[in-house]
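Peer 1: fold the following and give me the result.
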Amino acid sequence: MRAIGTYILILAGCLGPWALAQEGDTTALGLRFYEKLAQRDALYEQSMRFLDEEDATDYWSDQRNFERQLQQKNPRALAAYLTGKQSVYLNHLQHCTDQCGHEYHYQRQALYFLEYPQAENYELTFSNYKLGKRKKGH
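Peer 2: Reported below is the predicted structural model:
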């Protein structure tokens, strides 16, 4: 029984600092994680089809909240995340046609990446980035 307690103590001592380091990781490996996550998210966003406007608004609102929290917690990770997303969006837009059928919110996000080619600009304009409502007929 005493050996199990010692083992748990050693394991906690070894993993504790590692777990804390992951939270604010700005090493190349940590930033690469956010870039890969963004690429996966962007590919998912390309294929999304929502049942209604409320579902779409909820998704994009949650996405903005994630990015805001990442901005507060780790601005360098946000820059890596946006760089990863930007590359996927811009690559897709090179061959995207009306047949892709992207909804309004995706198009706004794509426009964002076209207007701001450098992810670092996101930090300067984040407060202006608000999700608008789609007007009828647009």
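
Peer 1: which parts of the chain are helices?
Peer 2: Ranges of helices within the chain are 2-23, 28-47, 53-73, 75-93, 104-115, 121-125, based on DSSP state H.

Peer 1: quick check: chain neighbours aside, which residue is closest to residue 92?
Peer 2: Nearest-residue entry for residue 92: residue 46, 5.8 Å, with adjacent residues in sequence omitted and distances by Cβ to Cβ, 6 or more residues apart in numbering. For glycine as for every other residue, the C-beta is placed from the backbone atoms N, C-alpha and C.

Peer 1: OK, contacts around the one you found?
Peer 2: By Cβ atoms under 8 Å, 6 or more residues apart in numbering, the contact set of residue 46 is 88, 92, 100, 102, 106.

Peer 1: with neighbour count and distance to residue 80 added, can I get these in CSV?
Peer 2: Converted to CSV, the contacts of residue 46 look like this (neighbours: other Cβ atoms under 10 Å; distance: Cβ to Cβ, whole Å):
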residue, neighbour count, distance to residue 80
88, 19, 13
92, 18, 19
100, 13, 26
102, 19, 24
106, 23, 22
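
Peer 1: ok, so of the residues you listed, who is nearest residue 62?
Peer 2: Using Cβ to Cβ, residue 106 comes nearest to residue 62 of the contacts of residue 46, at 14.5 Å.

Peer 1: what separation do you get for the nearest residue to that closest one once chain neighbours are set aside and residue 72?
Peer 2: Counting by Cβ to Cβ, 6+ apart, residue 106 lies nearest to residue 45, which is 6.0 Å off, once chain neighbours are set aside. Relative to residue 72, residue 45 is positioned 23 Å away (Cβ to Cβ, to the nearest Å).
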